[in-house]
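Colleague: Fold the stuff below for me.
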Amino acid sequence: MHTKGNQCCCSFEDYKYTTEWLLSRTRHRPKIAVICGSGLGLLADSATDQQSFLYKDIPNFPMSTVPGHEGCLVFGNLNDKTCVFMQGRFHLYEGYSLCKVTFPVRIFKLMGVETIIVTNASGGLCQDFKVGDIMIIKDHINLPGFAGQHPLCGPNDERFGIRFPCMSDAYSKELRKLALDISAELGYSDFVREGVYCMVSGPNFETIAEARMLHILGSDSVGMSTIPEVTVAKHCGLRVFGLSLITNKVSLDYSREEKVNHEEVLQISKTRAEMLHNVVNTLIAKSDQIDGPNSN
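Modeller: Below is the predicted model of the structure:
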């Protein structure tokens, strides 16, 4: 691991140095950040006036090691909004500490970002969900956090946020409603849902017993990311919107023979990427209809 216990391995000076390094090399000053999950990096492709930086070239930045995560930070304009896109994110199962997993979020805060959009690929636990459905995240269950793997453990830096942030309103109600309205306008209502996302640490997919437990707890989908970034974003006072692409049905039945694999996850992501892109693109275009980042 990159850290000892829960002690954060990133200092405020690290965050500040990386922020200044990026701002000195790009003319963009983004207000919206988008974190692209597995197979969803194409969200950045339609941005104009692009400037890109490989993660490996950015000081203090981790490097993405998972297939489907390109490992590139892209600045650009989308629908007259200045944005920054993470093509690939970081995970606990890669061996990174949670301060490294969430490192970019605090960089975005120092850059002046006000809204963060997180996307991921996840397995469907809700029996009404189908493969290819898009789930608007209305709430989450942080299982690693229950076990002490939490990005806010250790000394609190008041320059980012308060010691005990409220998480009951982590996902903006206004942005969720706007996304539902957009989905109806686009004719996507049949496969756009709202639900509760649960994070497990991975990297293995869940056993049937584990999946049954998560379902009983109220989880509609399960994945291996997103919640650390959302937690830190909320701690920093950012407005958060989350989308989860259901790429497989999680088995709750011992008689089922199907087995999930990462290649299938990437294929479903590719199939539905255009529709997810349309939702995010339109949401960004209409985001100024919503009040500032503290409006939830």
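Colleague: hey, let's count contacts and neighbours off CA atoms from now on
Modeller: OK.
Colleague: what is the mean pLDDT for stretch 63-78?
Modeller: Across stretch 63-78, pLDDT averages out at 81.
Colleague: Same question for stretch 96-113.
Modeller: Averaging pLDDT along stretch 96-113 gives 96.
Colleague: what comes up buried for it?
Modeller: For stretch 96-113, burial by neighbour count (16 or more other C-alpha atoms under 10 Å) applies to 96-111, 113.
Colleague: Pull the contacting residues for P203.
Modeller: Y93, M224 (C-alpha atoms under 8 Å, 6 or more residues apart in numbering).
Colleague: Using the three-state scheme, assign it.
Modeller: coil (DSSP: H, G, I helix; E, B strand; the rest coil).
Colleague: Now do F85 against C99, distance only.
Modeller: Relative to C99, F85 is positioned 19 Å away (C-alpha to C-alpha, to the nearest Å).
Colleague: typo on my end, K286
Modeller: Taking C-alpha to C-alpha, one finds K286 at 32 Å from C99.
Colleague: where along the stretch 101-250 of the chain do the strands fall?
Modeller: Using DSSP state E, counting those that start in this stretch, the strands found in the stretch 101-250 of the chain span residues 115-124, 134-142, 192-199, 221-223, 239-249.
Colleague: Can you name every helix or strand that the shortest one contacts?
Modeller: Packed against strand 221-223, as judged by 3 or more C-alpha pairs under 8 Å, 6 or more residues apart in numbering; DSSP states H and E, are the following elements: strand 115-124, strand 192-199.
Colleague: nearest to L245, of the ones you listed?
Modeller: Closest approach to L245 among those (C-alpha to C-alpha): strand 115-124, 4.8 Å.
Colleague: Within its sheet, name the partner strands of that closest one and how each one runs.
Modeller: Taking DSSP bridges as the criterion, strand 115-124 forms sheet pairs with strand 32-36 (parallel), strand 221-223 (antiparallel), strand 239-249 (parallel).
Colleague: Quick one: residues contacting D157.
Modeller: Here D157 is in contact with R163 (C-alpha under 8 Å, 6+ apart).
Colleague: worst-scoring helix or strand of this protein, pLDDT-wise?
Modeller: helix 262-286 (a mean of 81; mean pLDDT, DSSP states H and E).
Colleague: residues in contact with that one?
Modeller: By C-alpha under 8 Å, 6+ apart, helix 262-286 touches 38-40, 42-43, 68, 78-81, 121, 131-132, 134, 175, 178-179, 182-183, 245, 247-248.
Colleague: got it, and stretch 169-187?
Modeller: Residues outside stretch 169-187 that contact it (C-alpha under 8 Å, 6+ apart) are 136-139, 189, 192, 230-231, 234, 239-242, 279, 282-283, 287, 290, 295-296.
Colleague: Could you tell me the average pLDDT over that stretch, please?
Modeller: Averaged over stretch 169-187, pLDDT sits at 97.
Colleague: Can you name the residues bridging to the most centrally placed residue in the chain?
Modeller: By C-alpha atoms, centre = their mean, the chain has its centre lying nearest to V118, at 3.1 Å. For V118, the beta-bridge partners under DSSP bridges are I35, G242.
Colleague: who touches it in this structure?
Modeller: When contacts are counted by C-alpha under 8 Å, 6+ apart, V118 touches V34, I35, C36, G37, T226, V230, V240, F241, G242, L243.
Colleague: which residues does the first one contact?
Modeller: It stands for V34. By C-alpha under 8 Å, 6+ apart, the residues touching V34 are C83, V84, F85, M86, I116, I117, V118, T119.
Colleague: roughly how far apart are it and V113?
Modeller: 10 Å.
Colleague: can you check the third one too?
Modeller: Shown here: C36 relative to V113, a distance of 16 Å by C-alpha to C-alpha.
Colleague: which residues are in contact with stretch 206-218?
Modeller: L125, C126, V196, C198, V250, S251, L252, D253, Y254.
Colleague: Write a ChimeraX command that selects only the buried members of these.
Modeller: Buried members of those, defined by 16+ other C-alpha under 10 Å, are picked up in ChimeraX with:
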select :125,126,196,198,250,251,252
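Colleague: which of the contacts of stretch 206-218 lies closest to V222?
Modeller: Nearest to V222 among the contacts of stretch 206-218, with distances taken as C-alpha to C-alpha, is C198, at 4.7 Å.
Colleague: Thanks again, I'm all set now.
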